[in-house]
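A.B. asks: My questions concern the predicted model and sequence given below.
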Number of protein chains: 2
Amino acid sequence: MSGPGVESAAASILQRGVDLDNKRRYTEALVCYQEGLQLLVNILKNVTDSGKKTYLRSKVEGYMSRAERLKKVIEEEKDAGKYHEQIHIESDSTGHSYRAVFGRFLDEEVTRVDVEDPYIRTFHQCQNLLRLSELLVKSCSNLRSICLLTSVDGSSRDQAQWLDAIKQNLQVYKVTLTVQFSDTLHDRQIKLSNGWVIKIGRGLDYFKPPIGKFCLGLFDLDLRQCHETTVDIFHSKDVKMLWG
Amino acid sequence: MSGPGVESAAASILQRGVDLDNKRRYTEALVCYQEGLQLLVNILKNVTDSGKKTYLRSKVEGYMSRAERLKKVIEEEKDAGKYHEQIHIESDSTGHSYRAVFGRFLDEEVTRVDVEDPYIRTFHQCQNLLRLSELLVKSCSNLRSICLLTSVDGSSRDQAQWLDAIKQNLQVYKVTLTVQFSDTLHDRQIKLSNGWVIKIGRGLDYFKPPIGKFCLGLFDLDLRQCHETTVDIFHSKDVKMLWG
């Protein structure tokens, strides 16, 4: 749909692109540039004033060439095995669902996902894994396996049941969930078979609990306040070899 | 991101556009054409073979002119007050979250949403309203009020508490929820202040219950199986006047 706010929406998303670009959060900046450009191009189609047309065209060209340059930078750094991007999630901030944080790396090239997270133990932590599974199944059409490495919850037998329920449910989507346990694991990371590695300081459990069962953010994690945490994103060409 | 599957993804989304177009589900067809064209244009940039380039360009032009024509048809029928589109949701089918069914009509022009639905009474039905509220708050940046007309659950006092909790939570987003009760209400409809009216035969409650707390689809309604229901979508220019 369209409306009077489309132009300001384009300006604000492109500005967000520039901010992210300055912070070297290139893959996010690229998404903003692409979305903003799409809006600008749509606006341009309906502009008749020639001065405004020229102005908007120069904006489109500027952002387009920056987006092309960014793509090259990302590819070069990926090839050199040194791509690194950092996101700082502030305490109480919102807009950081799994999709928002790393949805842009999920595509049909991903066939396997390795989740290392010592805290997939309690009810809500196992539900975090369920939410991740929903996102992966929807975004990665060729996904065949999820391998979870976590630690055992010695105080209860529920963890095994919950993980088993997720496993049964994933089979409907032809995805095999494998669970392994470690009592020395500390690192949290999500490795995608297309080479992207997402390290979230707190693992999947970086959301504050909802205030009640009728609180906005109960279902949509973009509306849920977060704990402070840092996200590091790497690309490793060698990730497939390491799995050999 | 890109990959070998992008071309088949473009073909499949464009085919879906054609199917929807044939069923006169024009607003959905338009979304498919736009998404498919975006993919085709990206592919085209990297094609060097001149024969393939010509072929893809003709495809782009064909779909683009159909998309432009569709936009005109939708506008003309909206202006004439006779736009009507019907979606049939089949039993056990998936992919019908509120966002999928009517997210394309939610934008910054929507300031008020009227929900008429006699069955916002039980726990899961009130949670349906919560999910709708999450979607509206995220998609309609100028939303100021949601007006619910439903029926009283005579057997319990919980309904009032649940609705009140949603009301409190919506205030954080500067949205006022007004609840009115009727014991004669039968119709289910969602009226948006931009003129779109969505009538779902079963109201908001068209999803089958999840099989357990660790079932894919518990959070993401696109993965939840549905009851059979019909969705009628109208556009009424006069909707604002009727509220006068």
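C.D. replies: Structure's in. What do you need? These numbers come from a predicted model, not from an experiment. Numbering: from 1, shown residues only, chains lettered A, B, ... in the order given.

A.B. asks: Give me the helices and strands touching the helix or strand containing A:R69, please.
C.D. replies: Assessed by DSSP states H and E, A:R69 sits inside helix A:50-79. Applying 3 or more CB pairs under 8 Å, 6 or more residues apart in numbering or on different chains; DSSP states H and E, we find helix A:50-79 packed against helix A:6-22, helix A:26-45. Where you see a C-beta, it was placed from the backbone N, CA and C, and this is true even at glycine.

A.B. asks: what residues are up against A:K78?
C.D. replies: A:G195, A:H235, A:K237 (CB atoms under 8 Å, 6 or more residues apart in numbering or on different chains).

A.B. asks: domains for chain A, by residue range?
C.D. replies: A:4-79, A:84-243 (automatic domain parsing).

A.B. asks: among those, which gets the worst mean confidence?
C.D. replies: In terms of average pLDDT, domain A:4-79 trails the rest of the domains of chain A, at a mean of 91.

A.B. asks: And the most centrally placed residue in chain A, how far from A:K78?
C.D. replies: Nearest residue to the geometric centre of chain A (CA atoms, centre = their mean): A:F102, 1.2 Å. Shown here: A:F102 relative to A:K78, a distance of 15 Å by CB to CB, to the nearest Å.

A.B. asks: Equivalent analysis for A:K53, please.
C.D. replies: 37 Å.

A.B. asks: List the residues that contact A:E68.
C.D. replies: Counting by CB under 8 Å, 6+ apart, A:E68 has no contacts.

A.B. asks: 10 Å instead, please
C.D. replies: A:L30, A:Y33, B:K45 (CB atoms under 10 Å, 6 or more residues apart in numbering or on different chains).

A.B. asks: swap in A:K213?
C.D. replies: A:K213 makes contact with B:F123, B:C126, B:Q127, B:L130, B:W162, B:A165, according to CB under 10 Å, 6+ apart.

A.B. asks: Next: A:L177.
C.D. replies: Counting by CB under 10 Å, 6+ apart, A:L177 has contacts A:113, A:115, A:129, A:133, A:145-148, A:163-164, A:166-171.

A.B. asks: Counting neighbours, which of those residues comes out on top?
C.D. replies: Scoring the contacts of A:L177 on neighbours with other CB atoms under 10 Å in any protein chain shown, the highest-scoring entry is A:S133 at 27 neighbours.

A.B. asks: Can I take it that that one is in a strand?
C.D. replies: No: using DSSP: H, G, I helix; E, B strand; the rest coil, the assignment for A:S133 is helix, not a strand.

A.B. asks: That one reaches A:V113, doesn't it?
C.D. replies: Yes: counting by CB atoms under 10 Å, A:V113 is a contact partner of A:S133 at 9.3 Å.

A.B. asks: intersection of neighbour lists for these two?
C.D. replies: With CB under 10 Å, 6+ apart, A:S133 and A:V113 have common neighbours A:L143, A:I146, A:L148, A:V175, A:L177.

A.B. asks: can you put these in TSV and add distance to A:R66 and secondary structure?
C.D. replies: Below are the shared contacts of A:S133 and A:V113 laid out as TSV (distance: CB to CB, whole Å; DSSP: H, G, I helix; E, B strand; the rest coil):
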residue	distance to A:R66	secondary structure
A:L143	33	coil
A:I146	36	strand
A:L148	39	strand
A:V175	38	coil
A:L177	41	strand
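
A.B. asks: from these, which two are the most distant?
C.D. replies: A:L143 and A:L148 (13.9 Å; CB to CB).

A.B. asks: so what sits against both of these two?
C.D. replies: What both A:L143 and A:L148 touch, as defined by CB under 10 Å, 6+ apart, is the set A:V113, A:S133.

A.B. asks: I'd like to check which residues are in contact with the closest residue to A:G36 other than its chain neighbours.
C.D. replies: Of all residues not flanking A:G36 in the chain, A:L14 sits nearest, at 3.8 Å (CB to CB, 6 or more residues apart in numbering or on different chains). Counting by CB under 10 Å, 6+ apart, A:L14 makes contact with A:C32, A:Y33, A:E35, A:G36, A:L37, A:L39, A:L40, A:K59, A:G62, A:Y63, A:R66.

A.B. asks: Now restrict the residues you listed to buried residues only.
C.D. replies: For the contacts of A:L14, a burial check counting by 16 or more other CB atoms under 10 Å in any protein chain shown picks out A:C32, A:Y33, A:E35, A:G36, A:L37, A:L39, A:L40, A:K59, A:Y63, A:R66.

A.B. asks: Could you verify my assumption that A:L185 touches A:R121?
C.D. replies: No: using CB under 10 Å, A:L185 is not in contact with A:R121, being 11.8 Å away.

A.B. asks: any idea how far A:V172 is from chain B?
C.D. replies: From A:V172 over to chain B the distance is 7 Å, taken as CB to the nearest CB, to the nearest Å.

A.B. asks: just A:R112 next, same as before
C.D. replies: The value you get for A:R112 to chain B, if CB to the nearest CB is used, is 15 Å.

A.B. asks: Same question for A:Q171.
C.D. replies: 10 Å.

A.B. asks: before we move on, what about A:C140?
C.D. replies: Distance from A:C140 to chain B, by CB to the nearest CB: 11 Å.

A.B. asks: thought that residue was touching A:K174?
C.D. replies: No: contact criterion CB under 10 Å: A:C140 and A:K174 do not qualify, at 11.7 Å.
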